[in-house]
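Engineer: predicted coordinates and the sequence they were generated for:
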Amino acid sequence: MRLCTLAMCLFLCCAVLLSAAPPVIRVVAVHDPITPVIAQFLHRTIEDAARRGDSLLLIELDTPGGLDSAMRRIVQDIFASPVPVAVYVAPSGARAASAGAIITLAADIGAMAPGTNIGAAHPVSMGEKGDKTMEDKVVNDAEAYAEGIARKRGRNEALARSMVRDSISLSADKALTGHVIDIIARDRGDLLRQLDGRRISRDGREMVLRLAGAEVVTAEMGPVERVLNAISNPNVAYVLMMLGMLGLFFELSNPGVILPGVIGGISLILAFFAFQTLPVNYAGVLLILLALILFIAEIKVVSHGMLTLGGVIAMVLGSLMLFESPETYLRVSWSVIGVTVLATAGFFVFAVTKALRVHRLRPTTGREGLIGEEGWAESGIAPEGKVFVRGEYWDAWSDEPIAVGTKVVVEAVQGMRLKVKRIS
């Protein structure tokens, strides 16, 4: 009996301790364009929050937008999350544009810091422009998608449609007044204080957020996710592609070096991974390949710089066309293009200059190397005799008589005999 009583006391103590454990708020910061890597990171974070029984998942958002496919995956994960999700557009000066605006609409709680904005969610063409009908289909689909999300979360459907159709952007105050968001908070602490005790509706049932004394846990990207997110940057992807092409060129030009080929192969694979998250125009890739071919041809064929000039023009045009999008965060910056083109062209011009100098050098070995060498007549030459050239005695002949000791120069080589003439 005593043992049963003791066991019951221990059980009750454990239950009290477990019930007294503070709630956990998992915070994840997204300060990048919305890419498949970001979508995968948020998917993993939502699963972790659900598995650990967190009280709230807080996404601190600052994004210019991103890919439609990645945005839709994030929205689906937010809707399916058993843990309430709050999206907080912060800090002041941040924005939730384009895909970021739709993600904020999809959250259980939408919040913004003062001095932030949300909207401009008009879909952007990610490749070659289609006709007007196709463009209208894309816009209508995005508009209906935003309207459905706003309806599900009880937000302003008209403003949600306008953010897509008319690309309107709202300040934090106007977004709150227009019922696009729920809260304006100065900082994270202010937001959590306002959320404590707040009632939210999830799938037709109400729940109350109990966040007093909550433990804040920050979710971080893993090493692989950090690398993949970094190379999704258009500038990084462009540089990786150039390194890959140059590395493979050096390996094919000098088989057996190995290191350039390894670096080139890895760089190209990483670049191709990045290309699946970017609006790649393959005409730009072909122009860059043509530029490299022209640079290589300049080494083989003397064109007095015309092939190099053509290569520079093709590389600049290809670099500008590589990522076709009106959004600056999806294009290669001018400074990166300039440095890369100048460095690549400069290297090949340097190689061409060295090659031309080598071709113009007079041979210094073999039969050709003897022509133009000077010596003297070891015996009289009339028309044949002996000469001393380059430390050796040679049989020689001449079209004119040459006296012993006269300085001579080699005109031609025939077998082991030299044709010489007198030096005036």
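Structural biologist: Received, thanks.

Engineer: could you pull out the strands for the stretch 251-400 of the chain?
Structural biologist: Under the criterion DSSP state E, counting those that start in this stretch, the stretch 251-400 of the chain contains strands at 374-377, 384-389, 392-397.

Engineer: show me the one of those that comes nearest residue 407.
Structural biologist: strand 374-377 (5.3 Å; Cβ to Cβ). For every residue, glycine as well, the C-beta is placed using N, CA and C.

Engineer: sorry, back to before: would you convert the strands of the stretch 251-400 of the chain into CSV that also reports mean pLDDT, distance to residue 278 and mean neighbour count?
Structural biologist: Compiled in CSV, those are given as follows (pLDDT from 0 to 100; distance: least, Cβ to Cβ, whole Å; neighbours: other Cβ atoms under 10 Å):
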stretch, mean pLDDT, distance to residue 278, mean neighbour count
strand 374-377, 87, 65, 18
strand 384-389, 89, 66, 18
strand 392-397, 88, 67, 16
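
Engineer: tell me where the model's unsure across the chain.
Structural biologist: For the chain, the stretches flagged by pLDDT under 70 are 1-21, 124-131, 253, 299, 302, 325-327, 329, 351-369.

Engineer: per-domain residue ranges of it.
Structural biologist: Per the record's domain assignment (automatic domain parsing), the chain is made up of the domains 19-223, 233-360, 366-422.

Engineer: now the helices: where do they sit in the stretch 51-200 of the chain?
Structural biologist: Taking DSSP state H, counting those that start in this stretch as the test, the helices found in the stretch 51-200 of the chain are 68-80, 99-106, 132-153, 157-165, 172-177, 188-195.

Engineer: oops, could you answer that again for the stretch 251-400 of the chain instead?
Structural biologist: Across the stretch 251-400 of the chain, reading from the start of the chain, the helices by DSSP H, counting those that start in this stretch fall at 259-275, 282-300, 306-321, 334-360, 366-370.

Engineer: nearest to residue 142, of the strands of the stretch 251-400 of the chain?
Structural biologist: Of these, the one closest to residue 142 (Cβ to Cβ) turns out to be strand 374-377, at 84.0 Å.

Engineer: re the thing from before, a markdown table for the helices of the stretch 251-400 of the chain, including mean neighbour count and distance to residue 152?
Structural biologist: As requested, the helices of the stretch 251-400 of the chain are arranged in a markdown table below (neighbours: other Cβ atoms under 10 Å; distance: least, Cβ to Cβ, whole Å):
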| stretch | mean neighbour count | distance to residue 152 |
| --- | --- | --- |
| helix 259-275 | 17 | 34 |
| helix 282-300 | 18 | 39 |
| helix 306-321 | 19 | 40 |
| helix 334-360 | 14 | 42 |
| helix 366-370 | 13 | 85 |
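
Engineer: quick one: closest of those to residue 197.
Structural biologist: Taking Cβ to Cβ as the measure, the helices of the stretch 251-400 of the chain were each checked against residue 197, and helix 259-275 came out nearest at 44.8 Å.

Engineer: could I have the closest one exported to CSV, CA atoms only?
Structural biologist: Extracted in CSV, the C-alpha atoms of helix 259-275 (Å, rounded to 0.1, in the frame of the first residue of the first chain):
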residue,chain,number,x,y,z
LEU,A,259,42.2,20.3,-60.3
PRO,A,260,40.6,22.7,-62.9
GLY,A,261,38.3,19.9,-64.1
VAL,A,262,37.2,19.0,-60.5
ILE,A,263,36.5,22.6,-59.6
GLY,A,264,34.8,23.2,-63.0
GLY,A,265,32.5,20.1,-62.6
ILE,A,266,31.5,21.0,-59.1
SER,A,267,30.8,24.6,-60.0
LEU,A,268,28.7,23.7,-63.0
ILE,A,269,26.6,21.2,-61.0
LEU,A,270,25.9,23.9,-58.3
ALA,A,271,25.1,26.4,-61.0
PHE,A,272,22.6,24.1,-62.6
PHE,A,273,21.0,23.6,-59.2
ALA,A,274,20.7,27.3,-58.8
PHE,A,275,19.2,27.6,-62.3
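
Engineer: hmm, back to that, any chance of the helices of the stretch 251-400 of the chain in JSON lines, with distance to residue 214 too?
Structural biologist: Supplementary listing: the helices of the stretch 251-400 of the chain in JSON lines, determined by distance: least, Cβ to Cβ, whole Å:
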{"stretch": "helix 259-275", "distance to residue 214": "38"}
{"stretch": "helix 282-300", "distance to residue 214": "49"}
{"stretch": "helix 306-321", "distance to residue 214": "49"}
{"stretch": "helix 334-360", "distance to residue 214": "43"}
{"stretch": "helix 366-370", "distance to residue 214": "85"}
